[in-house]
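A.B. asks: below are the sequence and a predicted model; questions follow.
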2 protein chains.
Amino acid sequence: MAGTFVIAQGGGPTAVINQTMAGATLEIRRRHPGARVLGARHGVRGVRDGDFVVLSDLPEEQIRLVAGTPGAALGSTRDKPDAAYCEKVLAGLRKAGADAFIYIGGNDTSGTQQILTEAAGGTMAFVHAPKTIDNDLMENDHTPGFMSAAEFVAGAFLTVDLDFRALPGVYVAIVMGRHAGFLTAASAAWRIDEDSGPHLIYVPERAFSVPRFIDDVRRTVDRHKRCIVAVSEGVSAEDGRSLVETIVPPERLERDAHGNLKLSGGDLGLAFEHALREGLPGTRARVDALGYMPRGYVGAISRVDQQEAFEAGIHAVEAAGRGGGSVAMQHDDGRTVLKIVPLSAVAAKTRHMPDSFLSEGPGLSPEGMAYLQRLVPRKYEIGVPFV
Amino acid sequence: MAGTFVIAQGGGPTAVINQTMAGATLEIRRRHPGARVLGARHGVRGVRDGDFVVLSDLPEEQIRLVAGTPGAALGSTRDKPDAAYCEKVLAGLRKAGADAFIYIGGNDTSGTQQILTEAAGGTMAFVHAPKTIDNDLMENDHTPGFMSAAEFVAGAFLTVDLDFRALPGVYVAIVMGRHAGFLTAASAAWRIDEDSGPHLIYVPERAFSVPRFIDDVRRTVDRHKRCIVAVSEGVSAEDGRSLVETIVPPERLERDAHGNLKLSGGDLGLAFEHALREGLPGTRARVDALGYMPRGYVGAISRVDQQEAFEAGIHAVEAAGRGGGSVAMQHDDGRTVLKIVPLSAVAAKTRHMPDSFLSEGPGLSPEGMAYLQRLVPRKYEIGVPFV
């Protein structure tokens, strides 16, 4: 098989994307002694510009140390190449003498690999290795990065719920997740008893209404003397517009290079503060955004996530040997099984939370809870407070 | 010594305030078998209202389990009693037959104990056991709760710095801390190399200016290709007004029951977003508030903090035997030494960061860094990224 492999990382960093890089690098060195492994800096941008670090020259200990480090050690990019950009990337790969290109990322990344596969006409193997805290890749039971992010979110809500048992009030935290609610749903994974928050969970899969939200909060405060709320940044109104569009003046809306609305800033949080101030005047209410923390908080890295992400890198090398494809993490008979699926099955598609994971009200069904508790078992022993 | 002890928790919960409750409870049971230990729910409010949980009836395992749980298991309060309220608290203590009252909290809490001491006229022992993530108690080298909170903050900034190495931009996180900058300074404790963020640290001890801030950010981006900023929620302008007062319209300002400005909401974050948008147009910039997470995040609890908080509870019982006082954690010859000091030395005073901990620019001096690294040594091995 090939003598030169290029590896790159795309999209948002995670707690374990470096494990996948390390898994692929060490597997290439094991299978193909003498092969060159080039790590492209900042994703396809580094491939295009010939900006590489020679991973095959580094000591194994260094690679293993970086593997355990959150972030994207090669640097990442938000570039989503079109056909013209892909031609330049392909030229960069040819110039580097690449036989295979392993790109670690989400559905945009697999889309790039699909375009490159078509452009290259069979001369090179293109592999997509999965990575996303959003957990929204088709063909996957769950994705590397999700378990660690979910662990952060579960721990954050456990913490805040304990805080608000002591000093009651209403608390809203906005969680990353534009289209899929998995990460927001993870807020419920570490509930300790019937009284535990989050009491309300709003995901993009269900239409959001401010008056219904205020009613839900009021009912929860009556029952639990406090109300802990988890909201996906991507929650949308009945008409399909994202919540932020319905409450933030158009001139203040920001969009990224892909035309996607910027959702995680202060505007959405402020809108929630205002809604609570008007709907429930006099109630102590705080709104936070968990922001970037779920994406690699160093104190919430799941060991299983680390191992699976490393194995996804190993499987990416196997996929390169078979001419390309997307590595998928499936669930079979109680275990995670890694498969190789066509890029087209994953590229530019979004997996949403199954309807069966959600309850009638703003929360999870038993099936949804079971899914989360399988992936994110509670890591700490917790005593029930006396209030 | 006394037959009935009352224990309560005041102010913001922390990761280890329950350790102090457990330390006191188990020490009373050890020294005074048969003594009653009453835990008041929601601080002085529960004392006043006779709302108690009988801690001496609980199995030791339950108390130890709760000890390891963040939050304030007895419930807490923001009530800051005046003389009339204190009379009612004293009546509640007498009704309960209390011989000693141990109140775990910050400087407001020690102030309450001072008023109660004077009102009781020597008939009862009043003890303040220290607790605050702000680390701002006089007579203390550091306070229980600070190390865990600092560990969360250090880990959060390490995480975000790694994230922004991969996808460059400007990042600002607002950290709790109204008057003292210790917790914001902890953002620097886990830097991994010369390139590491946070690159700028703004604390309440130094006047803040928006134009100077924009200059600082611009210079940092030139040098590091990114800029990670830690800001205390209490930063103030040259004229002494807190930053939020200078940038938020007066009708939007909220105050708590003590007349303290509400600082940690979205307004301050939004103000920073606007300042960056105007001062550095076109730059990718994100502003988060770390919010409540430092105050007990379950994945960032310092073992030393746990042990010391437990010992503070033990010392509180010793202080009760000596007629009252405030337990202080001092530093002597490389070790933490617990002392008993007069309530008046701590009550209603604030310890600020020593000037010698701060550098000329917006950052820490070597002495400040050494202090933090003594208390919050880095817990994780980190590999330096390739970008």
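C.D. replies: On my side now, so go ahead.
A.B. asks: shaky segments in the stretch 151-300 of chain A?
C.D. replies: Across the stretch 151-300 of chain A, the ranges flagged by pLDDT under 70 are A:247-266.
A.B. asks: ok, what's across the strand from A:V337?
C.D. replies: Beta-bridge pairing for A:V337 (DSSP bridges): A:Q330.
A.B. asks: for the longest helix anywhere in chain A, packing partners?
C.D. replies: Using DSSP state H to define each element, chain A has its longest helix at helix A:146-166. If you count contacts as 3 or more CB pairs under 8 Å, 6 or more residues apart in numbering or on different chains; DSSP states H and E, helix A:146-166 packs onto strand A:170-175, helix A:182-185, strand A:227-232, helix A:303-321, helix A:366-375. No exception for glycine: its C-beta is placed from N, CA and C like everyone else's.
A.B. asks: and those: which comes nearest B:V170?
C.D. replies: Nearest of the helices and strands packed on helix A:146-166 to B:V170, taken as CB to CB: strand A:170-175 at 20.2 Å.
A.B. asks: what's in contact with the closest one?
C.D. replies: Contact with strand A:170-175 is made by A:153, A:156-157, A:160, A:164, A:183-184, A:187, A:197, A:217, A:221, A:226-233, A:264, A:268-269, A:272, A:276, A:280, A:283-290, A:294, B:291-292, as judged by CB atoms under 8 Å, 6 or more residues apart in numbering or on different chains.
A.B. asks: next, the angle helix A:146-166 makes with that strand.
C.D. replies: Relative orientation of strand A:170-175 versus helix A:146-166 (axes from the mean of the first three to the mean of the last three CA atoms, to 10 degrees): 170 degrees.
A.B. asks: give me the distance from strand A:170-175 to the chain's centre.
C.D. replies: Put simply, strand A:170-175 sits 19 Å off its chain's centre (CA atoms, centre = their mean, to the nearest Å).
A.B. asks: residues from the stretch 51-200 of chain A in reach of chain B?
C.D. replies: By CB under 8 Å from any CB of the partner chain, the residues of the stretch 51-200 of chain A that approach chain B are A:53, A:62, A:65-78, A:151-152, A:155-156, A:158-160, A:162-163, A:165-167, A:171, A:173.
A.B. asks: how about the residues of the stretch 251-387 of chain A by chain B?
C.D. replies: Contact residues (CB under 8 Å from any CB) of the stretch 251-387 of chain A with chain B: A:264-267, A:269-270, A:273, A:286-289, A:291-293, A:295-300, A:379-387.
A.B. asks: filter the residues you listed down to just the buried residues.
C.D. replies: A:264-267, A:269-270, A:273, A:286-289, A:291-293, A:295-300, A:382-387 (16 or more other CB atoms under 10 Å in any protein chain shown).
A.B. asks: what subset of the residues of the stretch 51-200 of chain A next to chain B is buried?
C.D. replies: A:53, A:65-78, A:151-152, A:155-156, A:158-160, A:162-163, A:165-167, A:171, A:173.
A.B. asks: would you map out the domains in chain A?
C.D. replies: Using automatic domain parsing, the domain parsing of chain A gives A:4-133+A:299-345, A:146-295+A:354-375.
A.B. asks: could you dump these to CSV with distance to B:V317?
C.D. replies: Output for the domains of chain A, formatted as CSV (distance: least, CB to CB, whole Å):
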stretch, distance to B:V317
domain A:4-133+A:299-345, 33
domain A:146-295+A:354-375, 23
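A.B. asks: wait, A:M21 sits on A:G313?
C.D. replies: Yes. With contact defined as CB atoms under 8 Å, A:M21 reaches A:G313; the gap is 6.4 Å.
A.B. asks: and these two? which has more neighbours close in?
C.D. replies: A:M21 (31 against 27; other CB atoms under 10 Å in any protein chain shown).
A.B. asks: how close does the closest residue to that one other than its chain neighbours get to chain B?
C.D. replies: Nearest non-adjacent residue to A:M21, counting by CB to CB, 6 or more residues apart in numbering or on different chains: A:I7, 5.7 Å away. Separation of A:I7 from chain B (CB to the nearest CB, to the nearest Å) stands at 11 Å.
A.B. asks: what packs against the helix or strand where A:I7 lies?
C.D. replies: If you go by DSSP states H and E, A:I7 is part of strand A:4-9. Applying 3+ CB pairs under 8 Å, 6+ apart, one finds that strand A:4-9 contacts helix A:17-31, strand A:36-40, helix A:44-49, strand A:100-105.
A.B. asks: strand A:100-105 and the longest one, what's the angle between them?
C.D. replies: By that I understand helix A:17-31. Per the same axes, to 10 degrees, the angle that helix A:17-31 makes with strand A:100-105 is 160 degrees.
A.B. asks: how distant is helix A:17-31 from the center of its chain?
C.D. replies: Relative to the centre of its chain, helix A:17-31 is centred 21 Å away, using CA atoms, centre = their mean.
A.B. asks: avg pLDDT for it?
C.D. replies: For helix A:17-31, the mean per-residue pLDDT is 98.
A.B. asks: same check on the third one?
C.D. replies: The predicted model gives helix A:44-49 an average pLDDT of 98.
A.B. asks: identify the residues contacting it?
C.D. replies: Under the criterion CB under 8 Å, 6+ apart, residues A:6, A:8, A:10, A:40, A:51-52, A:74-75, A:77, A:79, A:81, A:85, A:88-89, A:91-93, A:96, A:101, A:103, A:112 lie in contact with helix A:44-49.
A.B. asks: repeat that for 6 Å
C.D. replies: For helix A:44-49, contacts defined as CB atoms under 6 Å, 6 or more residues apart in numbering or on different chains pick out A:40, A:77, A:79, A:81, A:88-89, A:92.
A.B. asks: quick one, helices of the stretch 151-300 of chain A?
C.D. replies: Under the criterion DSSP state H, counting those that start in this stretch, the stretch 151-300 of chain A carries helices at the ranges A:182-185, A:210-224, A:243-247, A:266-279.
A.B. asks: between the helices and strands packed on helix A:146-166, which gets nearest to B:S326?
C.D. replies: So among these, strand A:170-175 is nearest, using CB to CB, at 31.6 Å.
A.B. asks: the closest one: partners in the sheet, and parallel or antiparallel?
C.D. replies: strand A:227-232 (parallel), strand A:285-289 (parallel).
A.B. asks: which ones are touching A:F152?
C.D. replies: So A:F152 contacts A:293-294, A:297, A:300 (CB under 6 Å, 6+ apart).
A.B. asks: please enumerate residues in contact with stretch A:367-380?
C.D. replies: For stretch A:367-380, the surrounding residues in contact (CB under 6 Å, 6+ apart) are A:142, A:147, A:150-151, A:154, A:186, A:189-190, A:356-357, B:298.
A.B. asks: can you tell me which two in those are farthest apart?
C.D. replies: Pairwise distances across the contacts of stretch A:367-380 peak at 29.4 Å for A:S356 and B:V298 (criterion: CB to CB).
A.B. asks: now do the longest helix of chain A against helix A:303-321, angle only.
C.D. replies: Going by the same axes, to 10 degrees, helix A:146-166 makes 160 degrees with helix A:303-321.
A.B. asks: residue contacts, A:T336?
C.D. replies: A:308, A:329.
A.B. asks: so where's the stretch 1-150 of chain A uncertain?
C.D. replies: Looking at the stretch 1-150 of chain A by pLDDT under 70, you get A:1-2.
A.B. asks: A:T132 and chain B, how far apart?
C.D. replies: 14 Å.
A.B. asks: so that residue sits right up against A:G105, yeah?
C.D. replies: No. With contact defined as CB atoms under 6 Å, A:T132 does not reach A:G105; the gap is 7.5 Å.
A.B. asks: find the nearest non-adjacent residue to A:Y202, please.
C.D. replies: Distances taken as CB to CB, 6+ apart place A:V231 nearest to A:Y202, at 4.7 Å, with adjacent residues excluded.
A.B. asks: can you report how many residues lie near the one you found?
C.D. replies: Around A:V231 there are 29 other residues, counting by other CB under 10 Å.
A.B. asks: ok, it to A:R206 distance?
C.D. replies: A:V231 sits at a distance of 11 Å from A:R206 (criterion: CB to CB, to the nearest Å).
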